[in-house]
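> the sequence isn't on hand, but the structure is:
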């Protein structure tokens with residue numbers, strides 16, 4: 001700001017006195033990283049051209065390659081191609097210079113790439129002083145090459161570098177990442193066995209890096225590996241106690257663990273370790289604490305529902321418990337609305353563009369979905385808003401699930417609760433989708449008046465046009481919720497899945513591709529999960545299991561057998577044929593109930609996993625609690 005005003009800046013941090021006196025918002029100072037690395041290609045080319053225009057022997061020209069150093073390149077006068085094109089030799093020299101400049105060892109490229117793309121430092125804005133992975137810089141100082149944190153950080157940085165679109169053909173980078181990951185696992189396990197090391201910040205940060213490695217490198221066959229690392233990080237935080245979050249370093253680690261644990265509890269429907277209140281801090285500037293509190297309460301409600309409905313017993317006690325869960329979910333939804341209404345004006349999103357249609361009307365290839373495009377004060381404001389919207393969608397899903405159980409066998413979609421949830425969630429889905437272009441850096445005219453006064457990442461408007469992969473990381477969870485919601489349209493679901501594939505292909509987070517392959521529908525699949533226990537009567541099960549006629553009114557000619565159906569066999573399965581008459585009627589009924597339950601369970605999991613394999617089906621069994 002002072003440079004723009006052409007006045008002397010006193011460089012006071014976080015806000016200079018010149019801006020404070022003039023009541024201007026101080027944008028802060030340039031990053032030291034930007035001051036060190038500059039693009040000198042054009043300057044080098046000008047020096048090269050100046051050197052070639054000097055007095056040199058015929059067929060020779062000189063390129064400066066360093067301080068007080070020159071390299072002379074000879075041109076063969078007999079070569080017609082070079083003699084007719086004198087710039088070819090100069091281009092060869094420039095290519096050699098660029099090769100020398102860019103030939104930085106991979107061991108140095110990977111950490112720089114990771115730090116510049118996945119680490120957010122606290123901003124100069126006093127209203128949003130929070131960073132993400134910003135603990136890595138201080139903790140890495142003094143770490144040896146074989147320490148658990150150094151190895152885990154190297155594995156994650158190598159994997160992020162290998163997943164660049166321009167590096168995916170290099171198998172050596174992936175092999176190096178896997179090798180460091182294996183060594184990091186061994187070193188971390190040894191540190192966890194040491195009572196002195198297991199309570200250090202370095203060990204906790206190493207576990208978080210191993211978990212982030214899984215986010216980068218997740219495939220269908222190891223889709224659940226991320227959960228084990230997050231569970232380990234939660235145990236370490238609980239072991240150290242809540243007081244360690246009082247320091248700046250501890251608070252940064254605590255925020256990352258809490259965010260990951262919140263997603264873990266929401267997807268696994270399990271109770272947070274230590275209870276909801278344990279993870280709510282009273283630290284000044286902890287804007288995410290109310291949202292985390294509400295989402296952990298919703299995860300607790302979902303866990304209680306799964307426990308209550310695991311045995312389909314429609315007793316007055318169960319009705320009262322389900323009604324209580326429904327009231328508590330409605331209370332959380334009301335709190336989310338109150339939180340949104342209490343936010344200051346600068347926290348609210350601003351509509352900066354409106355898209356009426358897209359080229360070819362193909363939303364799977366579009367960066368935006370037709371409708372409004374919103375921008376936010378910074379990336380954290382956008383993330384908090386999306387977490388609040390996800391919480392409201394989750395609360396509506398719990399309410400509809402309770403309604404479906406209480407009004408059964410009446411269709412829950414005819415109830416006023418479903419009509420209200422459908423109307424609210426449609427707007428929430430649109431709000432989430434309208435924030436995705438901001439998180440993924442969609443360019444609105446590249447410097448047009450529509451974006452001239454917008455604040456984006458701490459790097460400013462440039463980051464809005466050229467996003468960092470960390471923006472895709474923050475957009476991943478909201479996109480997944482949109483793609484699994486019953487309330488969104490087919491085009492919105494297609495757009496959300498296409499954006500997740502984009503995050504995997506262009507931003508290097510493979511976990512996004514696995515999530516895009518899920519075929520979950522919430523709350524309809526959880527309602528179907530609850531109804532698995534409500535099996536048909538024994539006579540109906542026997543009739544459905546033993547045989548099913550081809551048609552209720554048409555029979556085949558005498559002497560021919562009934563045709564078989566691929567889903568309902570005309571003869572009993574071998575296991576049932578051998579056991580049916582050896583059991584009592586009560587045992588037969590129990591056996592048929594178990595087989596019907598298992599058959600329905602496997603069908604539900606295979607459909608939810610989208611035929612991605614047994615590993616994803618096991619993950620879906622955890623998600624749907626079956």
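Right, received. Where do you want to start? This is a predicted model, so every value here is computed, not measured. Numbering: from 1, shown residues only.

> what comes up buried for whichever strand or helix holds residue 496?
Using DSSP states H and E, residue 496 maps to helix 490-507. Neighbour-count burial for helix 490-507, with 16 or more other CB atoms under 10 Å as criterion, is recorded at 492-500, 502-504, 507. Placement of C-beta: from N, CA and C, glycine included.

> same deal with stretch 382-398?
Counting neighbours by 16+ other CB under 10 Å, the buried set in stretch 382-398 is 382-398.

> just stretch 346-353 next, same as before
347, 349, 352-353.

> now do the strands in this protein.
60-66, 69-74, 350-355, 371-375 (DSSP state E).

> quickly list the domain ranges of this structure.
Following the TED database, one gets these domains for the chain: 1-30, 105-281, 287-455+464-535.

> distance of the residue nearest to residue 185 when sequence neighbours are not counted relative to residue 253?
Take residue 185 and drop its neighbours on the chain: the residue closest to it by CB to CB, 6 or more residues apart in numbering is residue 210, 6.9 Å away. Computed as CB to CB, to the nearest Å, the residue 210 to residue 253 distance reads 14 Å.

> who has more neighbours out of those two?
residue 210 (26 against 23; other CB atoms under 10 Å).

> isn't that one up against residue 181?
Yes - assessed by CB atoms under 8 Å, residue 210 is found in contact with residue 181 at 7.3 Å.

> so what sits against both of those two?
152, 155 (CB atoms under 8 Å, 6 or more residues apart in numbering).

> just give me the neighbour total for residue 305.
23.

> close enough to count as contact, it and residue 400?
No - assessed by CB under 8 Å, residue 305 is found out of contact with residue 400, at 11.6 Å.

> elements contacting the longest helix along the chain?
Longest helix in the chain by number of residues, with DSSP state H as the criterion: helix 379-407. Contact partners of helix 379-407 among helices and strands, from 3 or more CB pairs under 8 Å, 6 or more residues apart in numbering; DSSP states H and E: helix 289-309, helix 316-342, helix 416-439, helix 469-484, helix 524-531.

> quick one: average confidence on that helix?
Helix 379-407 shows a mean pLDDT of 94.

> so that helix versus helix 469-484, what angle?
20 degrees (axes from the mean of the first three to the mean of the last three CA atoms, to 10 degrees).

> where does the stretch 451-600 of the chain have low pLDDT?
Counting by pLDDT under 70, the stretch 451-600 of the chain contains low-confidence ranges at 451-467, 533-582.

> let's check: the centremost residue of this structure is which one?
residue 476 (3.2 Å; CA atoms, centre = their mean).

> residues in contact with residue 400?
Here residue 400 is in contact with 412, 417-418, 421, 523, 527 (CB under 8 Å, 6+ apart).

> for stretch 228-238, buried residues please.
Neighbour count says stretch 228-238 has 229-234, 236-237 buried, by 16+ other CB under 10 Å.

> tell me how far that stretch lies from the chain's centre.
19 Å (CA atoms, centre = their mean, to the nearest Å).

> how about stretch 18-26?
On the basis of CA atoms, centre = their mean, stretch 18-26 sits 37 Å off its chain's mean C-alpha point.

> same question, stretch 304-318
Relative to its chain's centre, stretch 304-318 lies at 33 Å (CA atoms, centre = their mean).

> please enumerate residues in contact with that stretch?
With CB under 8 Å, 6+ apart as the test, stretch 304-318 has contacts from 269, 321-322, 325, 398, 401-402, 405, 530-531, 533-534, 625.

> now stretch 174-188
Here stretch 174-188 makes contact (CB under 8 Å, 6+ apart) with 106, 146-148, 151-152, 154-155, 158-159, 162, 203, 206-207, 209-210, 213, 217.

> shaky segments in this structure?
30-45, 48-103, 123-129, 168, 221, 281-288, 312, 360, 443-467, 533-582.

> about what we covered before: between the helices and strands packed on helix 379-407, which one is closest to residue 140.
Checking these against residue 140 by CB to CB gives helix 469-484 as the closest, at 17.9 Å.

> and that closest one, how far out from the chain's middle?
5 Å.

> please apply the same query to stretch 162-171.
Centre-to-centre, stretch 162-171 and its host chain are 20 Å apart (CA atoms, centre = their mean).

> could you do stretch 422-429 as well?
Worked out by CA atoms, centre = their mean, stretch 422-429 lies 22 Å from the chain centre.

> so for that stretch, what gets flagged as buried?
Those would be 424-425, 428-429, for stretch 422-429 by 16+ other CB under 10 Å.

> from those residues, which two are the most distant?
Taking every pair in the buried residues of stretch 422-429 and measuring CB to CB, the maximum separation is 9.9 Å, between 424 and 429.

> and stretch 12-24, what's buried?
15-16, 18-19.

> please apply the same query to stretch 584-599.
588-589, 591-592, 596.

> which among these gets closest to residue 370?
residue 596 (44.8 Å).

> before we move on, the earlier item: just name whatever secondary elements the helix holding residue 496 is in contact with.
Applying 3+ CB pairs under 8 Å, 6+ apart, we find helix 490-507 packed against helix 416-439, helix 469-484, helix 511-516.

> other SSEs contacting the shortest one?
What it means is helix 511-516. Using 3+ CB pairs under 8 Å, 6+ apart, helix 511-516 sits against helix 201-217, helix 469-484, helix 490-507.

> contacts for that helix next, please.
214-216, 218-220, 223, 226, 472, 476, 479-480, 483, 497, 500-501, 503-505, 612, 616.
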